[in-house]
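# quick one: sequence and predicted model below, then my questions.
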Protein chains: 2
Amino acid sequence: MPQITSAQNPRVKRAVRLRDARQRRSQRRLLIDGVREIGRAIAAGVVLHEVFVCPALCGGEHAAALLERLRPTGAEWFEVAESVFTKLAFGQRSEGVVAVAEPPCTSLGAVRLPAKPLVAVLEAIEKPGNVGAVLRSADGAGVDAVVVADPRTDLFNPNAVRASLGTLFTLSVAEASGPEALAWLRERGLHVVAARVDGSVPYTEVDYRRPTALVLGNEAAGLSSLWQAPDVTAVRLPMLGVADSLNVSAAAAVLLYEARRQRG
Amino acid sequence: MPQITSAQNPRVKRAVRLRDARQRRSQRRLLIDGVREIGRAIAAGVVLHEVFVCPALCGGEHAAALLERLRPTGAEWFEVAESVFTKLAFGQRSEGVVAVAEPPCTSLGAVRLPAKPLVAVLEAIEKPGNVGAVLRSADGAGVDAVVVADPRTDLFNPNAVRASLGTLFTLSVAEASGPEALAWLRERGLHVVAARVDGSVPYTEVDYRRPTALVLGNEAAGLSSLWQAPDVTAVRLPMLGVADSLNVSAAAAVLLYEARRQRG
């Protein structure tokens, strides 16, 4: 395996730049850090181009198993010194493997829904960690697709990838403008349920067994007026204390698991 | 109002040091950043010692109303230059007011429970943001007390204060060792429900209308063996995708709101 001992190596420098959203767009690449995350990307068919391995940091059996799975992918491998690896890694727990991958397609047209879908929609979420946490909950609740409307953070931000535990790659995820997302939901006959602090219907009084889209808005401003329409049901969560809303990823988890509970 | 224009001012330097947990313990003080957060601390009777105001940053009406509420508290006020204020503030959205306060009592002995309490217990949580997010959800769900067992992060970490939106001050919150917490719950006759990835009971099949404690564990390791006891019900959340658990604050929100739903 070729060895890289300098952080000035052009390949390493190119990969490090992928922490920046503009570089991800111009290079059409993203970084994946972590054994589980890379494993899930491989399982989902994501194309890996380069894999940087730091032997000093990836002694565990999970890492060894991952390296076996990486062999047939055709990605180029590089063994890097620990000083180089720390420039590439971004998680708090470094597992000694970082991959450079092709971003998967996030076109709404590529999403295929089953008969009675459950879809999550996130409008204008700002924090990559919140996007990732919602994806992780959507994976757990068995959501059929996640639509990121009017994205304020790049879906492939390393923190979103990490917070999603790699479910970003295994879920059906699309990006679109708000109006495109709403039109797409309407065309497919989904009942649109929007979480609002001033929602008129308690969230537990909605029948989520129908084809349903659950819509959550920006951390500070909530949902835009686009989602105030006669065919959109505005639901609220009980807020019994002093705060007027939950964190968006907590609200998403409550709504998605209530839908799952009703669906049995 | 006395004006401070240098970040080398001893008061400012002492306050800035409160970002560090050891300094919070030795000074017996904590920092509160943000208009809502300080407002909730005042409402909860937290003693404020110093308030640093940056006029250039707190033009809004909410800030003005807060300053009116601060007058009768007896806290010392200082007007600080923007360059000084940025050393004191820690949130992403700076609202121009930071307070130095006395930590409220977090003794288990001070907690008073109503007749059929709902209690949340967090064991060995590492990320201050997760502790804060769970407190915010506990506030929303109307939880009667939150017990932080074997804390790995200081409750008064600025990021916990901020993520809680100040509900840390209005909620009944206690710190204890794991065994102390479990003994306290048992003495009060609470049904202890522990969230585990290998839990034997689906979380929706538990009757949360009884006096109940919901227990959640560390982000990576989950709950310790202390919570594997004959009188503890181990529940699991359905995980229908590829990940084997939710983020701890998402799991807490789902469980607390299921308890709230059952309690009507």
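Good, I have the coordinates. Residues are numbered from 1 along each chain as shown, chains lettered A, B, ... in the order given.
# so, low pLDDT: which residues of chain A?
Scanning chain A for pLDDT under 70 picks out the ranges A:60, A:91-93.
# try 80 this time
A:59-64, A:67, A:90-94 (pLDDT under 80).
# contact residues of it facing chain B?
By C-beta under 8 Å from any C-beta of the partner chain, the residues of chain A that approach chain B are A:40, A:43, A:93, A:133, A:136-142, A:163, A:165-167, A:170-171, A:204, A:220, A:237-243, A:245-247, A:249-254, A:257-258, A:260-261. Bear in mind the C-beta positions are built from the backbone N, C-alpha and C, glycine included.
# of those residues, which belong to helices?
Cross-referencing the residues of chain A next to chain B against helices under DSSP state H gives A:40, A:43, A:133, A:136-140, A:163, A:167, A:170, A:249-254, A:257-258, A:260-261.
# which among these end up buried?
Using 16 or more other C-beta atoms under 10 Å in any protein chain shown as the burial test, those include A:40, A:133, A:136-140, A:163, A:167, A:170, A:249-254, A:257-258, A:260-261 as buried.
# residues touching the spatially most central residue of chain A, list them.
Centroid check for chain A by C-alpha atoms, centre = their mean gives A:L168 as the closest residue, at 3.8 Å. Taking C-beta atoms under 8 Å, 6 or more residues apart in numbering or on different chains, we find A:L168 in contact with A:G132, A:L135, A:L155, A:F156, A:A160, A:V161.
# just those now: which is nearest B:W184?
A:G132 (35.2 Å; C-beta to C-beta).
# which residue ranges of chain A form strands?
A:3-4, A:30-33, A:48-53, A:76-80, A:97-101, A:118-123, A:145-149, A:173-176, A:191-195, A:201-202, A:212-216, A:232-236 (DSSP state E).
# using TSV, lay out the ones you listed together with mean neighbour count.
Putting the strands of chain A into TSV (neighbours: other C-beta atoms under 10 Å in any protein chain shown) gives the following:
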stretch	mean neighbour count
strand A:3-4	14
strand A:30-33	25
strand A:48-53	20
strand A:76-80	18
strand A:97-101	25
strand A:118-123	26
strand A:145-149	25
strand A:173-176	21
strand A:191-195	21
strand A:201-202	12
strand A:212-216	26
strand A:232-236	19
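# now for those strands, which one comes closest to B:T212?
strand A:201-202 (21.3 Å).
# quickly run through the sheet partners of that closest one, with directions.
strand A:232-236 (parallel) (DSSP bridges).
# got a list of contacts for the partner strand?
Residues from elsewhere that reach strand A:232-236 (C-beta under 8 Å, 6+ apart): A:191-203, A:205-206, A:215, A:227-228, A:255.
# rerun at 10 Å
If you take C-beta atoms under 10 Å, 6 or more residues apart in numbering or on different chains as the criterion, strand A:232-236 is touched by A:182, A:185-186, A:191-206, A:212-215, A:223, A:226-228, A:245, A:251, A:255, A:258.
# what's the distance between A:V143 and A:Y257?
Using C-beta to C-beta, to the nearest Å, A:V143 is found at 11 Å from A:Y257.
# which neighbours do those two share?
Residues touching both A:V143 and A:Y257 by C-beta under 10 Å, 6+ apart: A:S137.
# A:L70: neighbour count?
Neighbour count for A:L70, taken as other C-beta atoms under 10 Å in any protein chain shown: 19.
# ok, what's across the strand from the closest residue to it other than its chain neighbours?
In space, and not counting its chain neighbours, A:L70 is closest to A:V51: 5.7 Å by C-beta to C-beta, 6 or more residues apart in numbering or on different chains. Under DSSP bridges, the beta-bridge partners of A:V51 are A:W77, A:A99.
# would you mind measuring from A:V51 to chain B?
Taking C-beta to the nearest C-beta, to the nearest Å as the measure, A:V51 falls 20 Å from chain B.
# same question, A:V47
Counting by C-beta to the nearest C-beta - A:V47 and chain B are separated by 19 Å.
# equivalent analysis for A:F156, please.
Relative to chain B, A:F156 is positioned 18 Å away (C-beta to the nearest C-beta).
# show me what contacts that residue?
Taking C-beta under 10 Å, 6+ apart as the test, what A:F156 contacts is A:18, A:21, A:24-25, A:29-32, A:101, A:103-104, A:106, A:128, A:168-169.
# just give me the closest of those residues to chain B.
A:F169 (9.1 Å; C-beta to the nearest C-beta).
# how near is that closest one to A:P104?
If you measure A:F169 against A:P104 using C-beta to C-beta, the figure is 6 Å.
# comparing the two, which residue is more hemmed in?
More neighbours surround A:F169 than the other of A:F169 and A:P104, with 24 against 18 (other C-beta under 10 Å).
# so the more buried one makes contact with A:T106?
No - A:F169 is beyond contact range of A:T106, at 11.2 Å (criterion: C-beta atoms under 10 Å).
# please name the residues that touch the nearest residue to A:A43 once chain neighbours are set aside.
Leaving out its chain neighbours, the residue that sits closest to A:A43 by C-beta to C-beta, 6+ apart is A:T170, at 6.6 Å. Under the criterion of C-beta under 10 Å, 6+ apart, the neighbours of A:T170 are A:R40, A:A41, A:A43, A:A44, A:G45, A:V46, A:L135, A:D139, A:S164, B:G241, B:V242, B:A243.
# so A:S164 makes contact with A:A44?
No - using C-beta under 10 Å, A:S164 makes no contact with A:A44, being 11.8 Å away.
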